[in-house]
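>>> What follows is a protein structure lacking sequence information:
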Ligand SMILES: CSC[C@@H](O)[C@@H](O)C(=O)COP(=O)(O)O
C-alpha cells in the first residue's frame, strides 16, 4: 500500500515520555529503525554521523538538541549552540535555526528557557512542514505547465511511454530531509497525488548514495514511478530527450541566486543547460544566506571521511549489511560533500513564497515576501 508523503515525518516529539524520536537514516533502505535522542551529544552525533541529514532537518534537529541540552544543564545555552553549530559546515539552516532559538531564549529567564526551547523546536518543525507543502504547491504549477507543453508538442499516437513528465533529481530532498513533504520531491508528490503522470530519474548520489538508499525508498513507499541511475547517466539521458526537467534541493542559496547542493549537482546543471532542460531548485527561504553573494568563493564546502569513498555498504546475499572496500589501500582520496551551481544555470527558485528568478532581483523579492509574511 502506498503512503502519502504528507503523513510522514523523520523527526517528531512524543509528549508521552518526553521523547525526541528520529528515523536513523544510516539504516535505510534495509531497516526502518527509530531511535530516541536523549542528550546534546546524541543530537550532535545524529547530525555529524548523518542519522539525520538534509539542510532543513539538521536545523530542526539542532533546535531539539538545544532543548535536550537545557534539560541536562539549564546554564549551557551558548555552549550547546556552539557545539551544534560545529557539527556540519555547509547547510545554512543549521546556523539559521540556532540563531533563531538563541535570540528567543536569551531574552528569557533560565527557568523559562527549557519549555520555550521545546516549543520553538516544535514550531520550527511545523513551519518547515508547512513551507515544504507550499513549495510543493508552487512547484506543481511548473510541472503542470511543462506537462501540458510536452503533450501539446507530441501527437498522442507518438507519445507512448514518453507521455509522462520525466523529472531528474539528485541526492535526497524528500520528506526524510525536512520537516515533511521535502523540497525537490514535494512538487513531485503533489503531482503524483493530483494524478499527473510523472516519472523520476533518481541519481544514486555517490559516495553516500542518498538517491539510491533514501530517495528511491521514499518514492517506492509512495508509489511514485522512478528509476535509479548512476550519477554519470544524466547527461546521456538529457541528450536523448529523456529528461523534461531537473529539480534539486539546496543547502545554501546566495544573494545572487547561486545554489550550493550535494556534490554533482553542478554537473547536472551544466548538462541541463547544454540540452535546454529546465533546472529548478526547490528551497525554503530559511536556506538563503543573505550574507553571502558569490557561492563558489564564499560558501564553506564540507569535506568528509575518506572511508565514505573507499568503502560501500549494502545488503549481502545472506541478508546481512556488509561493508566492502573498493579501492587500493595506497590510493589517496578527497571527499567534497557539496558544490555550487552558479545562478546563471538555474531556471528558477521554487520557494514557499512563490517561484523567483535566480538572480539578485529575484532573491531580493524573496526577502521582501519574507518581510511581508512576518509583518
Ligand atoms: C531538502 S534537502 C536539500 C539538500 O539538503 C540535499 O539536497 C542535500 O544535499 C543533502 O545533503 P546531505 O549531505 O545528505 O545532508
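Noted; the coordinates are in hand. Every value quoted in this text rests on a predicted model; they were computed, and no experiment measured them.
>>> what does this protein have sitting close to the ligand?
53-56, 91, 171, 173, 177-178, 182-183, 210, 249-251, 261-262, 337 (C-beta under 6 Å from any ligand atom). Yep, even glycine has a C-beta here, placed from its N, CA and C like the rest.
>>> residues in contact with the one residue in the chain that gets nearest to the ligand?
Relative to the ligand, the nearest point of the chain is residue 249 (2.6 Å; C-beta to the nearest ligand atom). Contacts for residue 249 (C-beta atoms under 8 Å, 6 or more residues apart in numbering) come out as 54-55, 171, 173, 177, 182-184, 261-262, 281-283.
>>> and if you look at residue 322?
313, 314, 315, 316.
>>> Quick check: phi and psi on residue 249?
The phi/psi pair for residue 249 (degrees, to the nearest 10) reads phi -90, psi -170.
>>> so what's it scoring on pLDDT?
Note for residue 249: predicted pLDDT of 98.
>>> count of neighbours near the residue nearest to it when sequence neighbours are not counted?
In space, and not counting its chain neighbours, residue 249 is closest to residue 173: 2.9 Å by C-beta to C-beta, 6 or more residues apart in numbering. Neighbourhood size, residue 173 [other C-beta atoms under 10 Å]: 33.
>>> Hmm, residue 184 and residue 173 touching each other?
Yes: Residue 173 lies in contact with residue 184 (C-beta atoms under 8 Å); the separation is 3.6 Å.
>>> Now for these two: what residues contact both?
If you check residue 173 and residue 184 against C-beta under 8 Å, 6+ apart, the residues they both contact are 248, 249, 282.
>>> Now do the nearest residue to residue 9 once chain neighbours are set aside against residue 123, distance only.
Leaving out its chain neighbours, the residue that sits closest to residue 9 by C-beta to C-beta, 6+ apart is residue 180, at 5.8 Å. As judged by C-beta to C-beta, to the nearest Å, residue 180 and residue 123 stand 14 Å apart.
>>> for residue 8, same thing?
For residue 8, the distance to residue 123 - C-beta to C-beta - is 20 Å.
>>> and those two? which has more neighbours close in?
residue 8 (18 against 14).
>>> Spatially nearest residue to that one (excluding sequence neighbours)?
Nearest non-adjacent residue to residue 8 (C-beta to C-beta, 6+ apart): residue 175, at 4.9 Å.
>>> my read: the one you found touches residue 188, true?
No: Residue 175 is beyond contact range of residue 188, at 11.3 Å (criterion: C-beta under 8 Å).
>>> Please produce CSV containing the contacts of residue 322, extended by secondary structure, pLDDT and neighbour count.
Listed next are the contacts of residue 322 as CSV, based on DSSP: H, G, I helix; E, B strand; the rest coil; pLDDT from 0 to 100; neighbours: other C-beta atoms under 10 Å:
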residue, secondary structure, pLDDT, neighbour count
313, strand, 94, 13
314, strand, 94, 13
315, strand, 95, 12
316, coil, 96, 11
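>>> tell me which of those is nearest to residue 201?
residue 314 (20.9 Å; C-beta to C-beta).
>>> I'd assumed residue 320 was in contact with that closest one.
No: if you go by C-beta under 8 Å, residue 314 and residue 320 don't touch, sitting 10.2 Å apart.
>>> burial of residue 291, as a residue count?
10.
>>> how much space between it and residue 252?
10 Å.
>>> ditto for residue 154
Applying C-beta to C-beta to residue 154 and residue 252 gives a distance of 38 Å.
>>> The two: who's more crowded?
residue 252 (26 against 13).
>>> which residues touch that one?
Residue 252 neighbours (C-beta under 8 Å, 6+ apart): 55, 90, 91, 92, 259, 260, 287, 288, 289, 292, 295, 299.
>>> mind running it again at 10 Å?
55, 90-93, 95-96, 258-261, 283, 287-289, 292, 295, 298-300, 338, 340 (C-beta atoms under 10 Å, 6 or more residues apart in numbering).
>>> taking those residues one by one, which sit in helices?
With helices taken from DSSP state H, the overlap with these comprises 55, 92, 93, 95, 96, 295, 298.
>>> which residues of this protein score low on pLDDT?
Applying pLDDT under 70 to the chain flags residues 1-2, 155-162.
>>> Would you map the helices across it?
Counting by DSSP H, the helices of the chain are 40-48, 55-72, 77-85, 92-106, 110-153, 156-159, 185-193, 210, 216-222, 234-239, 265-274, 295-298, 307-310, 360-374.
>>> and the closest residue to residue 312 other than its chain neighbours, what does it touch?
Among residues not flanking residue 312 along the chain, residue 326 sits closest, at 5.8 Å (C-beta to C-beta, 6+ apart). By C-beta under 10 Å, 6+ apart, the contact set of residue 326 is 309, 310, 311, 312.
>>> Only whichever of those are buried, select them in PyMOL.
Here is the PyMOL command that selects the buried residues among the contacts of residue 326 (16 or more other C-beta atoms under 10 Å):
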select buried, resi 309+310
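>>> center of the protein, which residue is that?
residue 173 (3.3 Å; C-alpha atoms, centre = their mean).
>>> circling back: and the contacts of residue 249 as CSV, adding distance to residue 231?
Shown next, in CSV, are those (distance: C-beta to C-beta, whole Å):
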residue, distance to residue 231
54, 18
55, 20
171, 10
173, 16
177, 18
182, 20
183, 20
184, 16
261, 13
262, 10
281, 18
282, 20
283, 22
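>>> In strands only, show me those.
261, 262, 281, 282 (DSSP state E).
>>> which residues does the third one bridge with?
It refers to residue 281. residue 248, residue 349 (DSSP bridges).
>>> Surely it touches residue 340?
No: the criterion here is C-beta atoms under 10 Å, and residue 281 misses it with residue 340 at 11.6 Å.
>>> what's the overlap in contacts for the two?
253, 259, 261, 265, 269.
>>> coming back round to it: report the buried members of the contacts of residue 252.
Going by neighbour count (16+ other C-beta under 10 Å), these have 55, 90-93, 95-96, 258-261, 283, 287-289, 292, 295, 299, 338, 340 buried.
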